[in-house]
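Q: Could you work out the structure for the sequence below:
(chains A and B)
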Amino acid sequence: MLVAVAAAALAFAVGRFSTFGSSGPLAPANDSAEAGFARDMQVHHAQAVEMAMELYRKTDDDELRALSYDIATGQSAQRGEMFDWLVQWGLPQAGGLPMAWMSGADDGHGHGGGASAEPMTDAEMREAMGMATDDELAQLRVAEGLDADCLFTELMIRHHEGAIPMVDAVLELGSEPRVLAVAASMKVAQTAEIDAMTSVQARLGCAG
Amino acid sequence: MTPTSPRPTGKRTSGNPAKQAEINLTVKQQREQKRQEKLAEYQRQLARRRRGKVVGWAVGVVGVVAIVAAIVASFVFAPPPPASYTAGGEGIEIEGVETFANETNHVEGTVDYEQTPPAGGPHNAVWLNCGIYTEPQPNEHAVHSLEHGAVWVTYDADAVSDDELNALKRKLPSSYVILSPYEGLDTPIALSAWNAQLKVDSADDERIEQFFEEYWRNQNAPEPNAACTGALDGPGKAS
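A: Model (predicted):
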């Protein structure tokens, strides 16, 4: 009798232990919008950091120097958080076709490797994300003075605009609260930066 | 000197009266005397040992007391640990904290802010470097630092004593914080984070720690973890 009670008590305890760690929602899967967003937005942010560091090095414009410092350090920090999401979820940092995760969104514009669409080339994918081409990056590296300032704002405005569809897609398809919160604040912050760069262009008298 | 005469078969003699007296004693008396001497020696040793014991105890007690005192002192006189807070908020509600919904965008020139001191809103492209300032700081730059997750601690220099200011400094985290006097403050001390503010009367108020725990480097700032260095050093930067 005592043995039976002891066995039952132990079984109860084991049962309780077995529930540890299994509470809470499941981490996003490898093919989730959250994982796709975390990967593609890291690539996207990396180029913003590259361009901002390039301009920070050589611009004579105080506002652009501050802005490029802000973009380089702020987006590096955000990349770090997105890197850590994938680490925490136990997912690889690269995987799947870029932007394929967006194909289910209304605002997907038929991008990505959807079932019927042909996979995009790397260049097409970069273009869809508003990223600068290799040629444009090379131009930014050799440009000086006002030319560099104007080219930077042009490339960075397009770059920021390219992030908006990705943000909208993850807001529509995703459910992980922190991802949604970061995506929403990215949209607000990058929209504000687009406005700031547009006014810099006007102040500098950049063509177009 | 004459050669010593052969010892007589009886008792030996000595020129030394004391020695002679000893010689004169009987064997029994000599044994008794030795016994007395041994006894005396034993009692001397006993006394010495007793003294040693007392000294030992005294030294031991003093030593233990000293060690205990040293341990107590190491706690009593230990410098207070540096303030430490967890980055990121838990969504905790703190009595007296007001929250707002400010816009975030870059502007030039001065801004008419909704709150005093401002807790968010349009700001200059250049943020204020975090640190301790002895002079008032420009709103438009400090607000940009709030956007990056910093807490701006402002005080009325006329209402806060040096002691109280030091007490306040001891509560500050080592980074992502700005401390500066503020003119026209309606409270002795105000803590501002992006879209959140707490006004208190005293540096002893325990809600100061709670505010840091919740709002310092809060993940819901528009650009959490962006830099609070590398931009503008305002006037009167002490550290």
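Q: Run through the residues that contact B:Gly89.
A: By C-beta atoms under 8 Å, 6 or more residues apart in numbering or on different chains, the contact set of B:Gly89 is B:214-215, B:218-220. Any C-beta I mention is one placed from the backbone N, CA and C, and that applies to glycine too.
Q: After whatever helix or strand A:Ala4 lives in, which helix or strand is next?
A: Per DSSP states H and E, A:Ala4 falls inside helix A:2-18. Sequence order places helix A:33-58 as the next helix or strand after helix A:2-18, per DSSP H and E.
Q: residues from chain A in reach of chain B?
A: A:62-63, A:66-67, A:69-70, A:73-74, A:77-78, A:80-81, A:178, A:181, A:185, A:188-189, A:192-193, A:195-196, A:199 (C-beta under 8 Å from any C-beta of the partner chain).
Q: Among those residues, which ones are in helices?
A: A:62-63, A:66-67, A:69-70, A:73-74, A:77-78, A:80-81, A:178, A:181, A:185, A:188-189, A:192-193, A:195-196, A:199 (DSSP state H).
Q: Distance of the residue lying closest to A:Ala184 once chain neighbours are set aside relative to A:Asn30?
A: Nearest residue to A:Ala184, sequence neighbours excluded (C-beta to C-beta, 6 or more residues apart in numbering or on different chains): A:Leu171, at 6.6 Å. For A:Leu171, the distance to A:Asn30 equals 20 Å [C-beta to C-beta, to the nearest Å].
Q: neighbour count winner among these two?
A: Neighbours per residue (other C-beta atoms under 10 Å in any protein chain shown) separate A:Leu171 from A:Asn30, with A:Leu171 holding more: 17 against 13.
Q: what residue is smack in the middle of the chain?
A: If you meant another chain, say so; for now it's chain A. A:Met41 (2.1 Å; C-alpha atoms, centre = their mean).
Q: that's the wrong chain, I wanted chain B
A: In chain B, the centroid-proximal residue (C-alpha atoms, centre = their mean) is B:Pro79; its distance is 1.4 Å.
Q: tell me the contacts of the residue nearest to A:Ala184?
A: Shown in contact with A:Leu171 (C-beta under 8 Å, 6+ apart): A:180, A:183-184, A:187.
Q: Same check on A:Thr73?
A: Counting by C-beta under 8 Å, 6+ apart, A:Thr73 touches B:226-227, B:230.
Q: redo that, cut-off 6 Å
A: Neighbour list for A:Thr73: B:226-227 [criterion: C-beta atoms under 6 Å, 6 or more residues apart in numbering or on different chains].
Q: what about the residue nearest to B:His141 when sequence neighbours are not counted, distance to chain A?
A: Nearest residue to B:His141, sequence neighbours excluded (C-beta to C-beta, 6+ apart): B:Leu128, at 3.9 Å. In this structure, B:Leu128 and chain A are 11 Å apart, going by C-beta to the nearest C-beta, to the nearest Å.
Q: Let me see the confidence value for B:Leu128.
A: On pLDDT, B:Leu128 comes in at 97.
Q: Return the set of residues that bridge with it.
A: When bridges are called by DSSP bridges, B:Leu128 pairs up with B:Leu232.
Q: contacting residues for it?
A: B:137, B:141-142, B:145, B:232, B:234.
Q: Ok, A:Gln201 next?
A: Counting by C-beta under 6 Å, 6+ apart, A:Gln201 touches A:Thr153.
Q: So for it, what's the pLDDT?
A: Reading off the model, A:Gln201 has pLDDT 96.
Q: Compute the distance between it and A:Cys150, please.
A: Taking C-beta to C-beta, one finds A:Gln201 at 7 Å from A:Cys150.
Q: one step back: any idea which of the contacts of A:Leu171 has the most stuff around it?
A: Going by other C-beta under 10 Å, A:Ala183 tops the contacts of A:Leu171 with 22 neighbours.
Q: isn't that one right next to A:Val167, touching?
A: Yes. Here A:Ala183 reaches A:Val167: they are 4.7 Å apart, a contact under C-beta atoms under 6 Å.
Q: count of residues packed around B:Tyr15?
A: Let me fix one detail, which is that residue B:15 is Gly and not Tyr. 6.
Q: low-confidence ranges in chain B?
A: For chain B, residues meeting the criterion pLDDT under 70 lie at B:1-11.
Q: Could you list the contact residues of it toward chain A?
A: B:104-106, B:125-126, B:222-223, B:225-227, B:230-231 (C-beta under 6 Å from any C-beta of the partner chain).
Q: Dump those residues into TSV; add secondary structure and neighbour count as well.
A: Shown next, in TSV, are these (DSSP: H, G, I helix; E, B strand; the rest coil; neighbours: other C-beta atoms under 10 Å in any protein chain shown):
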residue	secondary structure	neighbour count
B:Thr104	coil	23
B:Asn105	coil	17
B:His106	strand	23
B:Ala125	coil	23
B:Val126	coil	21
B:Pro222	coil	22
B:Glu223	coil	26
B:Asn225	coil	19
B:Ala226	coil	25
B:Ala227	coil	21
B:Gly230	coil	15
B:Ala231	coil	22
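Q: Find the pair from the residues you listed with maximum spatial separation.
A: Using C-beta to C-beta, the two most remote members of those are B:Asn105 and B:Gly230, lying 21.0 Å apart.
Q: so which helix or strand takes in A:Gln88?
A: helix A:62-89.
Q: per-residue confidence for A:Met99?
A: 84.
Q: That one and chain B, how far apart?
A: The spacing between A:Met99 and chain B, counted by C-beta to the nearest C-beta, is 25 Å.
Q: Count residues in the vicinity of that residue, would you?
A: Neighbours around A:Met99, by other C-beta under 10 Å: 26.
Q: do the one 4 residues further on as well
A: By the measure other C-beta under 10 Å, the count of residues near A:Ser103 is 20.
Q: hang on, the earlier thing: next, give phi and psi for the residue nearest to the centre of chain B.
A: phi -60, psi 150 (degrees, to the nearest 10).
Q: and what of B:Glu98?
A: phi -100, psi 140.
Q: Verify the stated contact: it with B:Leu198.
A: No. With contact defined as C-beta under 6 Å, B:Glu98 does not reach B:Leu198; the gap is 7.7 Å.
Q: neighbour count winner among those two?
A: Shown here are B:Glu98 and B:Leu198; by other C-beta under 10 Å, B:Leu198 has more neighbours (26 against 12).
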